[in-house]
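Participant: Sequence below, structure please.
(one chain, ligands or ions: 2)
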Amino acid sequence: MPTPASQIRLLLIEDVPQVAQYVRGLLNSQAAIRLLDVVTDGRQAVPLVSELRPDVVIIDALLQGKVKGLDVAQQVRQKGINVPVVILTVPQKPVQVAPDRGVDRVLTMPFSGYDLVNLLQTLSAERQASGAEGSSRVYSIFAAKGGIGRTTIAFNLAVTINQQSGLKTVLVDGSIQYGDMRALLKVPHEAPSILDLPTDRIQESDLSDVLWRDPSGIDILLAPPRVEMAEMVTSRDVDKVLSILRRVYQVVIIDTPTALSDVVLTFLDNSDALIHVVTFESTVLYNTRAVGETFRAIGYPVDKIRYLLNRADSAGGMDPKSIAQALGRDPEFHLSSDGRLVVESNNQGVPFVLANPQAAISQELARVAEALTEGAAGRLPAAARR
Ligand SMILES: Nc1ncnc2c1ncn2[C@@H]1O[C@H](COP(=O)(O)OP(=O)(O)O)[C@@H](O)[C@H]1O
Ligand SMILES: [Mg+2]
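Facilitator: Ligands and ions are numbered 1, 2, ... in the order given. As a prediction, this is how the structure comes out:
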């Protein structure tokens, strides 16, 4: 299995709009790098770095205001935040590399897109190799049409991964408007949701008050209880929530809706891979192909998407070859149909993989879980497992 093509999450501390715009322009066509935010005030920089936990921070040495650029770098290091810092400067104001003062690299203007991207990739690779971060994996379960098994698969996959590998797993109901998890798990109406997390700085301790602890052993971040509340959730909230979940959990599984809003795209952008569910239905295949083109246009690498053929044993009269024809390749994963087990388990709010671990569909899902977590356990510190 290829390593998931994780995005590099960048935070830029820059008060000159032209420079910020230049960096934005260079990164525009780079799907591998995600510019989380541009901070213009040095006083806000450190709180935001500790909150967003970017993979790399770029700070302009010439930052004006109360807290100057090199002070920000030093504070980041003093706080013990483990993030590589790049200092941006001009030839007239040379800066020396000094990792103990938060200056890991220096980038002197003018620089090209190649210089920038190359530097960010090198730093991120070094960080991953040192095992400091990047051990957590985020998977979105997506489909181009409703009712084809996303919610069922997301829930059961999360439980399987947790049971099988002992990796600490959280399930996020990313279907913010019509979240299905509340109904599926029969949670009380007043159970807290993503909206109950603080909007400014989320701490690890806030999570325990908000997450739903399912008897199956996984934690679940629910969607708001009312449809109209969905508009209160922004892409920025999603970025923050995911960065804290990445810190606390080894695996994050996200159930998603079909429509591609900004919020949904933020979930997908933040995912190491999309598990794209398909079935033997011409409308599903048609829409899958259409959204596949959108993903290509956004710049998602081909191996970010893994197809899962659900109800693989019910071709409904379609030629089995039609799937590969529509997708351009064979699906990576298969799940069979098991109406009785799946519907009964869903109606009782229990995962089918626990109701009948021996069933073919449970065994098949175990193989999906294995493929997705391959190598993960070995890369994680023992304390991170349970
Ligand atoms: N492999 C399967 N075998 C039998 N029934 C399934 C299977 N996958 C999903 N279902 C059923 O299909 C319906 C839709 O599933 P759901 O997970 O809610 O889809 P989505 O989240 O994509 O809208 C549910 O009634 C579920 O029980
Ligand atoms: Mg659903």
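
Participant: domain parsing for the protein?
Facilitator: Here the domain parsing of the chain from automatic domain parsing is 8-129, 137-384.

Participant: if you average pLDDT over the shortest one, what comes out?
Facilitator: Regarding domain 8-129, the rounded mean pLDDT is 91.

Participant: The last one now?
Facilitator: Summarised as a single mean, pLDDT over domain 137-384 is 92.

Participant: ok, back up a step: so which of the domains of the chain gets nearest ligand 1?
Facilitator: When these are ranked by proximity to ligand 1, the top entry is domain 137-384, at 3.3 Å, counting by C-beta to the nearest ligand atom. Quick note: C-beta positions are derived from backbone N, CA and C, even for glycine.

Participant: when you scan that closest one, is anything in it near ligand 2?
Facilitator: Yes. With C-beta under 5 Å from the ion as the criterion, ligand 2 is reached by domain 137-384 at 150-151, 180.

Participant: Scan the residues you listed and report the most crowded one.
Facilitator: The most crowded member of the residues of domain 137-384 next to ligand 2 is Arg150, carrying 27 neighbours; neighbours defined as other C-beta atoms under 10 Å.

Participant: Closest residue of the stretch 251-386 of the chain to ligand 2?
Facilitator: In the stretch 251-386 of the chain, no residue comes nearer to ligand 2 than Asp255, which is 6.0 Å away by C-beta to the ion.

Participant: who are the neighbours in contact with that residue?
Facilitator: Asp255 makes contacts with 141, 150-151, 154-155, 171-175, 179-181, as judged by C-beta atoms under 8 Å, 6 or more residues apart in numbering.

Participant: so which of those also contact ligand 1?
Facilitator: Filtering these for proximity to ligand 1 (criterion: C-beta under 6 Å from any ligand atom) leaves 150-151, 180.

Participant: Tell me which helix or strand comes right after the helix or strand that contains Glu51.
Facilitator: Counting by DSSP states H and E, the secondary-structure element that holds Glu51 is helix 42-52. Using DSSP H and E, the next helix or strand after helix 42-52 towards the C-terminus is strand 56-60.

Participant: ok, how many other residues are close to the spatially closest residue to Val248 that is not a sequence neighbour?
Facilitator: Ranked by C-beta to C-beta, 6 or more residues apart in numbering and with sequence neighbours excluded, the top spatial neighbour of Val248 is Glu204, at 5.7 Å. Using other C-beta under 10 Å, Glu204 has 10 other residues around it.

Participant: For the host helix or strand of Phe155, which residues meet the burial criterion?
Facilitator: Phe155 is part of helix 150-165 when elements are defined by DSSP H and E. Neighbour counts over helix 150-165 (16 or more other C-beta atoms under 10 Å) mark 150-163, 165 as buried.

Participant: Out of those, flag the one nearest to Ala312.
Facilitator: The shortest gap between Ala312 and any of the buried residues of helix 150-165 belongs to Ile153, at 12.6 Å (C-beta to C-beta).

Participant: what's the distance between the residue nearest to Val248 and ligand 2?
Facilitator: Applying C-beta to the ion, to the nearest Å, one obtains 28 Å for the distance of Glu204 from ligand 2.
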